[in-house]
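J.: Got a predicted structure plus its sequence, pasted below:
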Amino acid sequence: MARNFTPKVVTANRLREGDVVYLTAADTWTPFHHEAELIEDEAHAQMRLLHAAAQKLQVVGAYLADAKAGPNGPEPTHFREQFRTRGPSNYSHGKQADHPNV
Amino acid sequence: MYDYTDFDEAFVRARVAQFTDQVNRRLDGSLTEDEFRPLRLMNGLYLQLHAYMLRVAIPYGTLNARQMRQLAHIADTWDKGYGHFTTRQNIQFNWPKLPDVPAILGALADVGMHAIQTSGNCVRNVTADHFAGAAADEIEDPRPYAELLRQWSTDHPEFQFLPRKFKIAISGAPADRAVTAAHDIGLRMTRNAAGEPGFQVFVGGGLGRTPMIAHQVRDFLPVADLLPYVEAVLSVYNTLGRRDNKYKARIKITLFETGKAELTRLIEERFAELRPQFGGADQALLADIRAAFAMPALKTAATAPFEQAYRADPVFRAWADRNLARHRDADHAIVTISLKAHGATPGDATSAQMRLIAELAETHGHDQIRISHEQNVILPHVHKSDLPGVHAALVKAGLGTANVGLLSDIIACPGMDYCSLATARSIPVAQELALHFQALQLEHDVGDLKIKISGCINACGHHHVGHIGILGLDRAGVENYQITLGGDGTETATIGEKTGPGFAYDEIVPAIERILRTYIALRTSADETFLQAYRRVGMGPFRAALYGSEGAQDAA
């Protein structure tokens, strides 16, 4: 089972602001996908998701998203998750505006 | 314009207070997200891809200047300086923060607006012909009936937990500008042999994953029977509608599974029970509501400034030819303000544009504004002599695009740029189509054309009833766009037909160009519209243009 497991990151939206965030290995929430913990084991992924879902005052709608290792950290594999790392394509709003250097 | 009564005001204020408390309890942890979610949805607050989204109802698309200014104020104070007008004649704010939402709802209540029943399995915002009260072809203004339905359906205790959401659209003219055939209930004004106004009633229309054109269940419903009849439809649906499967829960499936004859019989049976219970209070209320929608005292003046500008200024002429519609008073016009500047996001208006529209409505338009399901803004009563000035002001604000009904007047849902349900993007496809055909200077040659784009199967972008419909899907992790042709959202409503396999993101604009070049080559004259040509020749030539002759066989 573990052999076929696609690596994951835990992602959610911040409760107050709605911003997209990712769970780091240090148990903090980061706006940057590349700072997320890349989870390569299914049982560990489920544990991390439970941990995230329990943080009811920080985040909403935590889920596991497919990811892959990249030179600067985890990268999204699906276009939906790529869009979530930066914001909409019609305006420079969201992360691409809030964190222009990333 | 209907003004809130003390009852409406108290109801909306009470709801704001209630939701303020609910937000506070969510933020302090007293409510879990599972508990809070249905409460926020009841108040129009969604969590989308990058942020929360607040959907505000604009009942039957009607606003006054003060309300439009308040929307601008909300956009500047709690959002990013713009709003998105939707195919449901609502406005959506894409970036509110949860702790600010109670203040936003308070600001809406200050101008008689709210976000109630813009989500959930209840009767949603009743939509209407955006030319209501002004159109030359109108039998009666449908908005008093829409307002009556709004008051009746708001917090109606029997219909707060329907099997699924329920949408009612109403049109006052033989020309259906409200897509009534694609609604759970579509009401079209008509007259009987005695000349009395009433409704043709259609039930069971809807787009989404199972698109269906509504069936007529009554050819003439007297206006006095409106509420008991609509209540009968909802009552039958509430009992029969499926709650076991979300995808089979709309009334269109109830109709399909029950059969039109049997459903009609059940509706009539229930109507016979309900009718005597309506003792006339609804008609007294309707009379009061009607007075609020009376035609304003129209200006009398010479129309010479219009004719002069029309002769002298080709830019004004082009705009007048595309963006004006016939008013019932020959010296007035209905102005459609395009929110489809080439390359812009369909339906978006900045706060500055909202304020200008408010000012023009006050100065030249009897304080009346409408939002169309086609994501444009309407000034319904403008005297012709004022049109050159209105046009000049619109041009300065980037609102003077002369493209109503043309290729670039595209409906597009927010798609995967905002919506968490979306499977692909819609907005950039709309932007690129508009810019591409502008660069080719083909738009005017192509003429009347409705392109409608949805970013998922739920079809908020009405793609099934677009002359050309585009549906964005996720095919094995890649955006893929399926094309339908021949859809029609008017009184001759038709669901478009799929051309065949879909196209990748970077192939969709060239594919649409192949369709349109084929149309130009085969049309009998420039007067034959795309839809007429499609109806004459069918899918064959377009399929061949898209896939080659071999591909056409595969696709067929």
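T.: Arrived safely. Quick caveat: nothing in here was measured; it's all calculated off a predicted structure. Numbers count the residues shown, from 1 in each chain, chains lettered A, B, ... in the order given.
J.: so which strand or helix has residue B:392?
T.: Following DSSP states H and E, one finds residue B:392 within helix B:387-396.
J.: what's the helix or strand following that helix in contact with?
T.: Later in the chain than helix B:387-396, the nearest helix or strand by DSSP H and E is strand B:411-412. Surrounding strand B:411-412, the residues in contact under the criterion CB atoms under 8 Å, 6 or more residues apart in numbering or on different chains are B:87, B:345-347, B:373-375, B:426-427, B:429-430, B:450-453, B:455, B:461-462, B:466. (C-beta placed from N, C-alpha, C; glycine too.)
J.: same thing with stretch B:250-257?
T.: Taking CB under 8 Å, 6+ apart as the rule, stretch B:250-257 contacts B:163-166, B:184, B:203-206, B:208, B:210, B:212, B:214-215, B:233, B:237, B:240-242, B:248, B:263.
J.: Among these, which are located in strands?
T.: B:203, B:215 (DSSP state E).
J.: can you tell me which of the contacts of stretch B:250-257 are in helices?
T.: With DSSP state H as the criterion, helices contain B:233, B:237, B:240, B:263 from among these.
J.: got the contact list for the nearest residue to residue B:534 once chain neighbours are set aside?
T.: Among residues not flanking residue B:534 along the chain, residue B:486 sits closest, at 4.8 Å (CB to CB, 6 or more residues apart in numbering or on different chains). Counting by CB under 8 Å, 6+ apart, residue B:486 makes contact with B:467, B:494, B:496-497, B:531, B:534-535, B:539.
J.: before we move on, what about residue B:159?
T.: Contacts for residue B:159 were tallied using CB under 8 Å, 6+ apart; they are B:122-123, B:153, B:166, B:234, B:238.
J.: Could you identify the most distant pair in those?
T.: Taking CB to CB as the measure, the contacts of residue B:159 span a maximum distance of 12.6 Å, between B:153 and B:238.
J.: which of those two has more neighbours?
T.: residue B:153 (22 against 17; other CB atoms under 10 Å in any protein chain shown).
J.: from what I can see that one touches residue B:122, true?
T.: Yes - with contact defined as CB atoms under 8 Å, residue B:153 and residue B:122 form a contacting pair (7.5 Å).
J.: picking up where we left off before, in helices, which of the contacts of strand B:411-412 fall?
T.: When those are checked against helices (DSSP H), the matches are B:427, B:429-430.
J.: Report the entries of the residues you listed that also contact chain A.
T.: With CB under 8 Å from any CB of the partner chain as the criterion, the ones in helices among the contacts of strand B:411-412 include residue B:427 near chain A.
J.: Tabulate the ones in helices among the contacts of strand B:411-412 in a markdown table, adding columns for pLDDT.
T.: Output for these, formatted as a markdown table (pLDDT from 0 to 100):
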| residue | pLDDT |
| --- | --- |
| B:427 | 98 |
| B:429 | 98 |
| B:430 | 98 |
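J.: Mark which of the ones in helices among the contacts of strand B:411-412 are buried, thanks.
T.: Buried members of those, scored by 16 or more other CB atoms under 10 Å in any protein chain shown, are B:427, B:429-430.
J.: between those residues, which is nearest chain A?
T.: residue B:427 (4.8 Å; CB to the nearest CB).
J.: residues in contact with the closest one?
T.: A:88-90, B:345-346, B:412, B:414-415, B:417.
J.: would a markdown table of these with pLDDT and neighbour count be doable?
T.: Listed next are the contacts of residue B:427 as a markdown table, based on pLDDT from 0 to 100; neighbours: other CB atoms under 10 Å in any protein chain shown:
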| residue | pLDDT | neighbour count |
| --- | --- | --- |
| A:88 | 97 | 23 |
| A:89 | 96 | 16 |
| A:90 | 97 | 22 |
| B:345 | 98 | 24 |
| B:346 | 98 | 30 |
| B:412 | 98 | 33 |
| B:414 | 98 | 28 |
| B:415 | 98 | 29 |
| B:417 | 98 | 26 |
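J.: longest single helix anywhere in chain A?
T.: Chain A, longest helix under DSSP H: helix A:42-53.
J.: which residues in chain A form helices?
T.: Using DSSP H, the helices of chain A run over residues A:42-53, A:79-86, A:95-98.
J.: Nearest to residue B:4, out of those helices?
T.: Residue B:4 lies closest, by CB to CB, to one member of those: helix A:95-98, at 37.6 Å.
J.: contacting residues for residue B:321?
T.: Taking CB under 8 Å, 6+ apart, we find residue B:321 in contact with residue B:402.
J.: ditto for the one 3 residues further on
T.: The neighbours of residue B:324, taking CB under 8 Å, 6+ apart as the test, are B:333-336, B:387.
J.: Max pairwise distance over these: which two?
T.: Of all pairs in the contacts of residue B:324, the most separated under CB to CB is B:336 and B:387 at 12.2 Å.
J.: give the contact list for the residue of the stretch 1-150 of chain B found nearest chain A.
T.: Nearest residue of the stretch 1-150 of chain B to chain A: residue B:51, at 3.9 Å (CB to the nearest CB). By CB under 8 Å, 6+ apart, the contact set of residue B:51 is A:13, A:17-19, A:94, B:94-97.
J.: how about a cut-off of 6 Å?
T.: In this structure, residue B:51 makes contact with A:18, B:95, judged by CB atoms under 6 Å, 6 or more residues apart in numbering or on different chains.
J.: How about residue B:419?
T.: Contacts of residue B:419 (CB under 6 Å, 6+ apart): residue B:48.
J.: Is it in a helix, a strand, or coil?
T.: Assigned with DSSP: H, G, I helix; E, B strand; the rest coil, residue B:419 falls in the coil class.
J.: Residue A:65 - how many residues pack around it?
T.: By other CB under 10 Å, the residues close to residue A:65 number 21.
J.: Can you lay out the contacts of residue B:159 as TSV showing pLDDT and distance to chain A?
T.: Output for the contacts of residue B:159, formatted as TSV (pLDDT from 0 to 100; distance: CB to the nearest CB, whole Å):
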residue	pLDDT	distance to chain A
B:122	94	23
B:123	96	28
B:153	95	30
B:166	97	27
B:234	98	32
B:238	98	30
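J.: Right, I'll call it a day here.
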